[in-house]
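> sharing a model that was predicted from the sequence below.
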Amino acid sequence: MEVYFEAFRDRDNHIHIIKLHRKRFEAHFHSNIEVLYVEKGELEVSIGGDKRILTRGAVAVAESYAVHSLSASEDADVRVAIIPVMRVPDFSLRHRNLTFATPFLDPCARSAEIGVLFRSFDGFDRRRSPMIGKGFAYLLLGMLTDALGTVPAPHRTKDGVAVVGQMLRYMDEHYTEPLTLERLAGELGYHKDYLSRVFNETIHTGFCRYLSTMRLRYAVQLIRTTDLSLEEIADRAGFGNPHSFYDAFRDVYQCTPGQYRKRIGSRTTVAKTNE
């Protein structure tokens, strides 16, 4: 499962209105609401497994913890709003057990109005204008609610989403340690069965599988950037023993860690030869 939690974004509780600064983003998720408007070019977007190619004037919204990925054309100009749910409490309360009927809005009169809203906030400085940012966020979310409509969200509660946020942040800080669901439940003050259920309902994967994914991403980083032995990498990444590391690695990458290291090494050699 190549998907990751953007912990750094969850620690930033400010509203951001920016232009897309990278051409591709791997599958990821966070607690913030992310709204995208295509000013020009094309943007391939996948949200919750629903993939679309958006053209000029289209809008997409990834709600809290919705897994999404982005790939923009070379000439793309995409505006992005990142809205922490804690900054829009009235919306969060009204939206508590709801979700947007669709995450996509095709080019139309309503999407054009959203484009005007984004352009009117070019140059927005959150440090000098926090109230203006909040006004933008509420206006944008209100326009999206009118344009997209809402439907009941099965298994979704405000309390459950908040708990998953606590779990993910704790996991991000302790995933290289001998972390178990029982330990996490004790740290957060919940029953482990409850944590297991809300994690599955929100992230759509199990606690152990996602923990293994976090460790694998770190292990791959170490393989790419260090000369540490694979046994030491397994230990540093939080795997109890090399065998569990090898099995998890093969399951996700369809090769052994050693084969992966050789593949990366051969690519590096070719790149240096061509310089």
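Structure received. Numbers count the residues shown, from 1 in each chain.

> and residue 45, how many residues sit next to it?
Here the number of neighbours of residue 45 (other C-beta atoms under 10 Å) works out to 24. Any C-beta I mention is one placed from the backbone N, CA and C, and that applies to glycine too.

> tell me the contacts of it?
Residue 45 is in contact with 36, 51-54, 60, 68-71, 104, counting by C-beta atoms under 8 Å, 6 or more residues apart in numbering.

> run the chain-centre distance for stretch 85-99.
Its chain's C-alpha centre and that of stretch 85-99 lie 19 Å apart, by C-alpha atoms, centre = their mean, to the nearest Å.

> one step back: mind checking which of the contacts of residue 45 land in strands?
Mapping the contacts of residue 45 onto strands (DSSP state E) picks out 36, 51-54, 60, 68-71, 104.

> can you flag the buried ones in those?
In these, burial by neighbour count holds for 36, 52, 54, 60, 68-71, 104, counting by 16 or more other C-beta atoms under 10 Å.

> dump those residues to TSV, plus distance to residue 89 and pLDDT.
As requested, these are exported to TSV (distance: C-beta to C-beta, whole Å; pLDDT from 0 to 100):
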residue	distance to residue 89	pLDDT
36	23	98
52	30	96
54	30	97
60	24	98
68	23	92
69	29	93
70	28	95
71	33	95
104	26	98
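
> tell me the one of the residues you listed nearest residue 239?
Using C-beta to C-beta, residue 69 is the member of these that lies nearest residue 239, at 26.6 Å.

> partners of that closest one in the sheet?
Under DSSP bridges, the beta-bridge partners of residue 69 are residue 46.

> element containing residue 209, please.
Per DSSP states H and E, residue 209 falls inside helix 207-225.

> now, which of the ones in strands among the contacts of residue 45 sits nearest residue 86?
Using C-beta to C-beta, residue 68 comes nearest to residue 86 of the ones in strands among the contacts of residue 45, at 20.1 Å.

> contacting residues around that closest one?
Contact analysis of residue 68 by C-beta under 8 Å, 6+ apart lists 27-29, 34, 45-48, 62.

> same check, this time on residue 142
Going by C-beta under 8 Å, 6+ apart, residue 142 touches residue 91.

> can you pull the phi/psi pair for it?
Dihedral angles phi and psi of residue 142 (degrees, to the nearest 10) take the values phi -70, psi -40.

> confidence score at it?
pLDDT recorded at residue 142 is 97.
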